[in-house]
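Student: sequence first, then the predicted structure:
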Amino acid sequence: MNLSRMGGSRFRLFVLCLLACLGLLEFSLRGPVRALGKDGQNFNDFVSPYEQARAWASGRDPYASAVLRDLWPTSVRPHFVDTESVDGTLPAKRGIPSPYWTAALPLLLPIAELPWKIAIWLWAVTCVVAVFVVALTLVHLANAQKYSSLAVMILISVLLWAPLQTAIATSNIFTVAFALGMVTTICLMKNRSVLAGILLTCAIALKPTVGLPFLIYALLHRKRSRVMVAAIATGLLLVGVAVIPHHGRTLWLQSFLANSRLMFAPGAIDDFSGANPLHFQLVNLAVAFFPLLRARTVAEVSAALTFVALLVLWILAFRHDRQLGLLDLAILASASLLPVYHRFMDAGMVLIAVAWALGELEGELRSLAAACLLLASPFLVPGATVLHEFSGRYETFQKLSRSWFWESFILPHEAWLILLLCVVLIRARSLSRRPTIVSSQGLAGTPNEDDRNLTLRLAR
């Protein structure tokens with residue numbers, strides 16, 4: 001009987017490893033291969049921060065369209081850069097120059113100093129490495145043993161996760177910011193407060209909306225004072241590096257705010273209303289609320305209040321058992337996608353909930369874990385993009401796409417799924433009020449062998 005179980009376990013692990021290989025193939029084709037293709041090298045999400053870092057280093061305004069036009073390599077410059085930088089529509093139509101904080105530009109300078117052809121290859125490799133860092137941290141936080149079925153299932157989920165594939169294909173900064181946030185969590189677990197603060201600040205500087213859940217998580221850590229001191233010191237250092245060399249011309253705040261207003265204006269590239277033809281790429285809740293409420297401010301406020309309500313419900317569940325764990329991080333990461341601007345690739349943070357659910361499939365909360373996996377499974381494909389493409393090709397979809405139901409629920413289904421996922425996760429948190437063994441780092445985790453022996457002796 002034991003032999004048959006061992007054989008079954010080995011066969012299961014073999015199947016999972018085979019799936020991991022297939023997942024790696026899909027990940028490569030939909031991620032780095034697309035990123036390094038001809039179109040990806042010419043225009044992607046990294047080209048703007050790359051040029052902005054170069055502009056900052058030369059003392060020029062990194063948020064001025066004309067500056068980026070002058071710095072853009074002629075050999076790979078799309079035709080619209082010249083025309084749209086002249087008529088002032090480049091920020092609204094393309095999101096360029098991107099509204100990255102000036103404090104982020106020194107972090108990108110080592111790559112930005114390289115020629116574009118070399119820089120984009122190095123950045124693509126960095127993004128791929130960041131994805132595998134995320135996978136390793138999820139395995140660690142889920143208390144999965146190396147080469148175990150759980151570890152392989154988490155790796156497969158990461159490889160097949162469409163938002164991460166899209167992030168790499170577009171060379172977006174999200175993957176690096178996400179990896180920094182995940183490593184911050186590991187540092188908190190290991191009581192490396194200074195390093196955690198440094199990495200947290202870097203994640204926030206690169207992408208504040210991605211760093212938000214990790215900031216809240218760090219604020220609840222028992223050694224939060226040391227973490228925050230290190231984070232604030234790092235932030236001041238980055239601001240100083242960004243400001244001092246340019247004698248206080250500095251953050252170019254006026255240009256930054258002007259670009260942001262243009263990008264989020266009605267019909268612009270970051271607008272969540274139907275006036276923006278690319279609004280289906282967003283996953284924040286305002287894109288789902290707007291067709292229902294028909295008012296921009298009301299939709300934004302409703303999304304923010306929904307986030308606050310979820311946060312309150314989580315705090316009420318958290319106060320009964322104040323040991324931070326993977327489930328808490330999953331709730332914060334998923335809920336943070338709802339109140340502010342987030343594109344499809346940012347839904348990569350839902351992977352934290354997937355890792356928790358995979359580890360809980362054989363636990364007491366397996367029904368809620370299964371519900372989480374069911375709600376998360378649509379993110380294995382770029383669903384909204386596929387629906388948008390079909391709506392323009394087939395007559396049946398064309399009729400449906402003009403309906404209120406399509407705009408309210410079908411096209412923004414990813415935002416609704418994230419909301420439902422948060423509800424399920426908070427419910428799981430409220431039911432997980434059982435005694436936990438606290439590690440020497442002060443975080444809840446799987447007890448080690450000595451802890452198990454002690455528990456068994458006490459039980460006897």
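Tutor: Sure thing, it's come through.

Student: so the residue nearest to the spatial centre of the chain, which state does it fall into?
Tutor: Relative to the mean C-alpha position of the chain, the nearest C-alpha, by CA atoms, centre = their mean, is the one of residue 346, at 3.7 Å. Under the three-state scheme (DSSP: H, G, I helix; E, B strand; the rest coil), residue 346 adopts helix.

Student: from residue 159, how far out is it?
Tutor: Using CB to CB, to the nearest Å, one gets 18 Å for the distance from residue 346 to residue 159. Any C-beta I mention is one placed from the backbone N, CA and C, and that applies to glycine too.

Student: next: residue 327.
Tutor: Taking CB to CB, one finds residue 327 at 23 Å from residue 159.

Student: chain center to the lengthiest helix in the chain: distance?
Tutor: With secondary structure taken from DSSP state H, the chain has its longest helix at helix 2-30. Chain-centre distance of helix 2-30: 27 Å, with CA atoms, centre = their mean, to the nearest Å.

Student: point out where the stretch 351-460 of the chain drops to low pLDDT.
Tutor: 433-460 (pLDDT under 70).

Student: try 90 this time
Tutor: Low-confidence segments of the stretch 351-460 of the chain (pLDDT under 90): 388-404, 432-460.

Student: just for the stretch 101-250 of the chain, where's the confidence low?
Tutor: For the stretch 101-250 of the chain (pLDDT under 90), the answer is 117, 146-148, 221-224, 240, 242-250.

Student: can you get me a residue count around the closest residue to the residue nearest to the centre of the chain other than its chain neighbours?
Tutor: Distance criterion CB to CB, 6 or more residues apart in numbering; nearest residue to residue 346, sequence neighbours excluded, is residue 174 at 5.8 Å. The burial count assigned to residue 174 is 27, neighbours taken as other CB atoms under 10 Å.

Student: wait, what's in contact with residue 174?
Tutor: Contact analysis of residue 174 by CB atoms under 8 Å, 6 or more residues apart in numbering lists 167, 207, 210, 345-346, 348.

Student: now, of these, which are buried?
Tutor: 167, 207, 210, 345-346, 348 (16 or more other CB atoms under 10 Å).

Student: please tabulate these in JSON lines and include distance to residue 36 as additional columns.
Tutor: Listed next are the buried ones among the contacts of residue 174 as JSON lines, based on distance: CB to CB, whole Å:
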{"residue": "167", "distance to residue 36": "14"}
{"residue": "207", "distance to residue 36": "22"}
{"residue": "210", "distance to residue 36": "24"}
{"residue": "345", "distance to residue 36": "17"}
{"residue": "346", "distance to residue 36": "22"}
{"residue": "348", "distance to residue 36": "20"}
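
Student: residue 380: which of those residues is nearest?
Tutor: Nearest to residue 380, judged by CB to CB, of the buried ones among the contacts of residue 174 is residue 348 at 12.2 Å.

Student: ok, that closest one - contacts?
Tutor: 134, 161, 163-164, 167, 174-175, 178.

Student: identify the residues contacting the residue nearest to residue 201 when sequence neighbours are not counted.
Tutor: Excluding its sequence neighbours, the residue lying closest to residue 201 (CB to CB, 6+ apart) is residue 234, at 4.0 Å. In this structure, residue 234 makes contact with 197-198, 201-202, judged by CB under 8 Å, 6+ apart.

Student: and residue 234, how far is that from residue 348?
Tutor: According to CB to CB, residue 234 stands 24 Å off from residue 348.

Student: before we move on, what about residue 86?
Tutor: Between residue 86 and residue 348 the distance is 36 Å, computed by CB to CB.

Student: now residue 278
Tutor: Counting by CB to CB, the gap from residue 278 to residue 348 is 19 Å.

Student: related to what we said a few turns ago, out of the contacts of residue 234, flag the one nearest to residue 96.
Tutor: Checking the contacts of residue 234 against residue 96 with CB to CB, the nearest one is residue 202 at 23.1 Å.

Student: which SSE is the closest one in?
Tutor: helix 193-206 (DSSP states H and E).

Student: elements contacting the helix or strand containing residue 129?
Tutor: Using DSSP H and E, residue 129 sits within helix 116-141. Packing contacts for helix 116-141, counted by 3 or more CB pairs under 8 Å, 6 or more residues apart in numbering; DSSP states H and E, involve helix 32-35, helix 38-42, helix 47-57, helix 105-112, helix 149-160, helix 162-169, helix 174-189, helix 351-359.

Student: take the ones you listed and write them to CSV, including distance to residue 398.
Tutor: Shown next, in CSV, are the helices and strands packed on helix 116-141 (distance: least, CB to CB, whole Å):
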stretch, distance to residue 398
helix 32-35, 28
helix 38-42, 28
helix 47-57, 34
helix 105-112, 43
helix 149-160, 30
helix 162-169, 25
helix 174-189, 32
helix 351-359, 34
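
Student: go through these and name the closest to residue 291.
Tutor: Ranking the helices and strands packed on helix 116-141 by proximity to residue 291 (CB to CB) places helix 162-169 first, at 22.9 Å.

Student: please look at the residue nearest to the centre of the chain and residue 211 and confirm they touch.
Tutor: No. Using CB atoms under 8 Å, residue 346 makes no contact with residue 211, being 11.6 Å away.

Student: about what we covered before: before we move on, what SS does the residue nearest to residue 201 have?
Tutor: Per three-state DSSP, the secondary structure class of residue 234 is helix.

Student: how much space between it and residue 366?
Tutor: For residue 234, the distance to residue 366 - CB to CB - is 41 Å.

Student: how about residue 164?
Tutor: As judged by CB to CB, residue 164 and residue 366 stand 26 Å apart.

Student: now swap in residue 144 and tell me
Tutor: For residue 144, the distance to residue 366 equals 16 Å [CB to CB].

Student: looking at the two, which is more packed in?
Tutor: Applying other CB under 10 Å to residue 144 and residue 366 shows that residue 144 carries more neighbours, namely 21 against 12.

Student: in this structure the more buried one contacts residue 157, no?
Tutor: No. When contacts are counted by CB under 8 Å, residue 144 is not listed as touching residue 157 (11.9 Å).

Student: and residue 275, how far from residue 296?
Tutor: From residue 275 to residue 296 the distance is 10 Å (CB to CB).

Student: residue 131 is in contact with residue 175, isn't it?
Tutor: Yes. Assessed by CB under 8 Å, residue 131 is found in contact with residue 175 at 5.8 Å.

Student: list the residues that contact both of these two?
Tutor: Common neighbours of residue 131 and residue 175 (CB under 8 Å, 6+ apart) are 164, 168.

Student: pLDDT at the nearest residue to residue 55 once chain neighbours are set aside, what is it?
Tutor: Nearest non-adjacent residue to residue 55, counting by CB to CB, 6+ apart: residue 62, 4.2 Å away. Residue 62 is assigned a pLDDT of 92 by the prediction.

Student: now residue 62, what's its secondary structure?
Tutor: On the basis of three-state DSSP, residue 62 is classed as coil.

Student: give the burial count for it, as a bare number.
Tutor: 27.

Student: residue 71 is in contact with that one, correct?
Tutor: No. Here residue 62 does not reach residue 71: they are 9.6 Å apart, not a contact under CB under 8 Å.

Student: what's around the residue nearest to residue 71 when sequence neighbours are not counted, how many residues?
Tutor: Distances taken as CB to CB, 6+ apart place residue 51 nearest to residue 71, at 4.9 Å, with adjacent residues excluded. Here the number of neighbours of residue 51 (other CB under 10 Å) works out to 23.
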